[in-house]
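> A predicted structure for the sequence below; I have some questions about it.
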Amino acid sequence: MDKPKIDIISDVPLTPKDFYSFEIIDETPPLSPVTTPPSTFMMTKEIAKKPVKKEKSTLYEMSLKIMTRNFINERNAQEKERISIEFNGILEFKQKLWPFVKPHIKQEIAYDDESNIYSWIESDLQVTDMNRFVLIQDKAQKKCIGIDDLKNKKLHTMSFGSDPIACFVQVYGNKIQKLDQYEAAKKQLMCPTECDRGGAATNSATFELAKKLKEIHGRVIWGQEVAWFQFANFILASEAHVQTELTESLPPPHIMRFFSLASENPIQQNISARRTVELGKRVNKGMRESISALSQDVDILIDHHRNGLSMAQALKTKILAIKDQIDNNDYLMDGLAMTVETEITEFTQELKRGITDMEDVDHQDPVDP
């Protein structure tokens, strides 16, 4: 039977007899440099379990859900995103809210009571303009209030709620309050003047816009008629508040690939060629008149000077040869003028053959009155 192992700690000196009944063993393990004492490990583990609270550097925190409306009384507001803002006061709240609000604003609409006309308001919006577009839900009073009506005390009260507060963005401004106002503004500003049965712009409206685009950008870019029509369709399909800006700008990249620079403009080349042909024809006309006058003088010389008949006849022959050459040049100029005229190509013929709904009167080609 093994002897029990006992650690003896005593100040009394031991005699040899004591070793017959006791075995002194020191089993205290040495601590290595890598080993962590048990007490220290347990303490570290307990500290790791407790989350460290982060001290806030701001006084308030508010959860918001950004929602957009076409007019103030619209019930079906569209929720865009949910955000959380930390702030110390009303000014900081506005500064942090503005980047989330501005992308949803389209353009402000003004209304004239006397003329009953709606119009766009051109302006470079800043954070100070937010009160014209944004309303904040006040659940306590069951109504919406403007940004400029918020005070620090109100923000402090609203920030204690757990549910997000609705932040309504009126995309056309706070002046459009009712459905009938929105419908009237939509009819005057947001819809094309001529629509087909599906609500899209007709070929007549597209044709007029394509013609206008060619007048604006024709000196910079060139394209076939189908390219200008595609550019016009893109603009008419865009939202009304950006159509003016798109009309004055060059086409976007996915449409620009159908155009070429004006330096490679075939139409400009045709115009220059036609002008050159006209100049050549004028030069030929002047030479023909001079040759005709000279020919008459030679005829008179032949009649009055029979002695110089042979020389005069030779001169007459040369004049007739030059006249024939001028006529040939004039004929060539007429042929060149015909070759540079605009013609219907196979591509346009193919597009024409692709039209199958010939009874669709809304999309017929415009007819000159």
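That came in fine, so what should we check first?

> hey, let's count contacts and neighbours off CA atoms from now on
Noted.

> all helices of the stretch 1-150 of the chain, in order?
Counting by DSSP state H, counting those that start in this stretch, one finds helices in the stretch 1-150 of the chain at the ranges 38-49, 90-101.

> weakest of those helices in terms of mean pLDDT?
Here the lowest mean pLDDT among these goes to helix 38-49, at a mean of 50.

> Contact partners for the residue nearest to Tyr172 when sequence neighbours are not counted?
Once its chain neighbours are removed from consideration, Tyr172 has its nearest residue in Glu108; the separation is 4.6 Å (Cα to Cα, 6 or more residues apart in numbering). Contacts for Glu108 (Cα atoms under 8 Å, 6 or more residues apart in numbering) come out as Trp120, Ile121, Glu122, Val171, Tyr172, Gly173.

> again, only using 7 Å
Applying Cα atoms under 7 Å, 6 or more residues apart in numbering to Glu108 gives the contacts Trp120, Ile121, Tyr172, Gly173.

> Ile291 too?
Ile319, Lys323.

> and with 6 Å instead?
Ile291 is in contact with no residue at all, counting by Cα atoms under 6 Å, 6 or more residues apart in numbering.

> so how far is Ser119 from it?
Ile291 sits at a distance of 68 Å from Ser119 (criterion: Cα to Cα, to the nearest Å).

> Walk me through the domains of this protein.
Following automatic domain parsing, the chain resolves into domains at 62-180, 193-263, 266-339.

> Show the average pLDDT along the shortest one.
Confidence over domain 193-263 (mean pLDDT, whole number) is 79.

> what do you get for stretch 174-189?
For stretch 174-189, the mean per-residue pLDDT is 85.

> What is the linear distance spanned by it between its boundary residues?
End-to-end span of stretch 174-189 (Cα to Cα): 17 Å.

> got the buried residues for it?
For stretch 174-189, burial by neighbour count (16 or more other Cα atoms under 10 Å) applies to Asn174, Lys175, Ile176, Gln177, Tyr182, Ala185, Leu189.

> Equivalent analysis for stretch 107-121, please.
Of the residues in stretch 107-121, Gln107, Glu108, Ile109, Ala110, Tyr111, Tyr118 count as buried by neighbour count, 16+ other Cα under 10 Å.

> Tabulate those (CSV), appending distance to Lys94 and pLDDT.
Below are the buried residues of stretch 107-121 laid out as CSV (distance: Cα to Cα, whole Å; pLDDT from 0 to 100):
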residue, distance to Lys94, pLDDT
Gln107, 20, 84
Glu108, 19, 87
Ile109, 23, 86
Ala110, 24, 85
Tyr111, 27, 82
Tyr118, 29, 83
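
> Can you tell me which of these end up in strands?
Judged by DSSP state E, those include Ile109, Ala110, Tyr111, Tyr118 as members of strands.

> Distance check, Leu125 against Glu289.
Relative to Glu289, and taking Cα to Cα, Leu125 is found at 70 Å.

> I should have written Phe259 there, sorry.
Phe259 sits 46 Å away from Glu289 when distances are taken as Cα to Cα.

> now Trp228
Noted for Trp228: a distance of 46 Å to Glu289, by Cα to Cα.

> which of those two has more neighbours?
Of the pair Trp228 and Glu289, Trp228 is the one with more neighbours under other Cα atoms under 10 Å, namely 25 against 12.

> and the spatially closest residue to that one that is not a sequence neighbour, how far is that from Ile255?
Take Trp228 and drop its neighbours on the chain: the residue closest to it by Cα to Cα, 6+ apart is Ala210, 5.3 Å away. Taking Cα to Cα as the measure, Ala210 falls 13 Å from Ile255.

> and those two? which has more neighbours close in?
Neighbour comparison, Ala210 and Ile255: the larger count goes to Ala210, with 23 against 14 (by other Cα under 10 Å).

> correct me, but that one touches Asn233?
No - applying Cα atoms under 6 Å as the test, Ala210 and Asn233 come out as separate, 8.6 Å apart.

> Turn the ones in strands among the buried residues of stretch 107-121 into CSV, including distance to Gln313.
Putting those into CSV (distance: Cα to Cα, whole Å) gives the following:
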residue, distance to Gln313
Ile109, 87
Ala110, 88
Tyr111, 89
Tyr118, 85
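
> nearest to Leu155, of those residues?
Ile109 (29.5 Å; Cα to Cα).

> which residue sits closest to the closest one, ignoring its sequence neighbours?
Nearest non-adjacent residue to Ile109 (Cα to Cα, 6+ apart): Trp120, at 4.8 Å.

> Repeat that for Gln95.
Closest residue to Gln95 in three dimensions, ignoring its sequence neighbours and counting by Cα to Cα, 6+ apart: Val127, at 6.8 Å.

> quick one: that neighbour from Val101, how far?
The gap separating Val127 from Val101 is 10 Å, by Cα to Cα.

> Please apply the same query to Lys211.
As it turns out, when the distance is counted by Cα to Cα, Lys211 lies 37 Å from Val101.

> So for those two, which residue has more residues nearby?
More neighbours sit around Val101 than around the other of Lys211 and Val101, counting by other Cα under 10 Å; the figures are 21 against 16.

> what about the strands in the stretch 151-300 of the chain?
According to DSSP state E, counting those that start in this stretch, the stretch 151-300 of the chain carries its strands in the segments 165-170, 221-222, 260-261.

> Mind giving me the packing neighbours of the longest one?
Helices and strands in packing contact with strand 165-170 are listed as strand 60-69, strand 134-138; criterion 3 or more Cα pairs under 6 Å, 6 or more residues apart in numbering; DSSP states H and E.

> Same question for the last one.
With contacts defined as 3+ Cα pairs under 6 Å, 6+ apart, strand 260-261 has these neighbours: strand 221-222.

> Please put the alpha-carbon coordinates of stretch 252-263 into PDB.
Coordinates of each C-alpha in stretch 252-263 appear next as PDB, following Å, rounded to 0.1, in the frame of the first residue of the first chain:
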ATOM      1  CA  PRO A 252     -26.400  59.700 -71.700                       C
ATOM      2  CA  PRO A 253     -23.700  57.100 -72.400                       C
ATOM      3  CA  HIS A 254     -26.100  54.300 -73.500                       C
ATOM      4  CA  ILE A 255     -27.600  56.700 -76.200                       C
ATOM      5  CA  MET A 256     -24.500  58.600 -77.000                       C
ATOM      6  CA  ARG A 257     -23.000  55.500 -78.600                       C
ATOM      7  CA  PHE A 258     -25.500  56.000 -81.500                       C
ATOM      8  CA  PHE A 259     -24.000  59.500 -82.200                       C
ATOM      9  CA  SER A 260     -20.700  60.700 -83.600                       C
ATOM     10  CA  LEU A 261     -18.800  64.000 -83.100                       C
ATOM     11  CA  ALA A 262     -19.600  67.000 -85.300                       C
ATOM     12  CA  SER A 263     -16.100  66.800 -86.900                       C
END
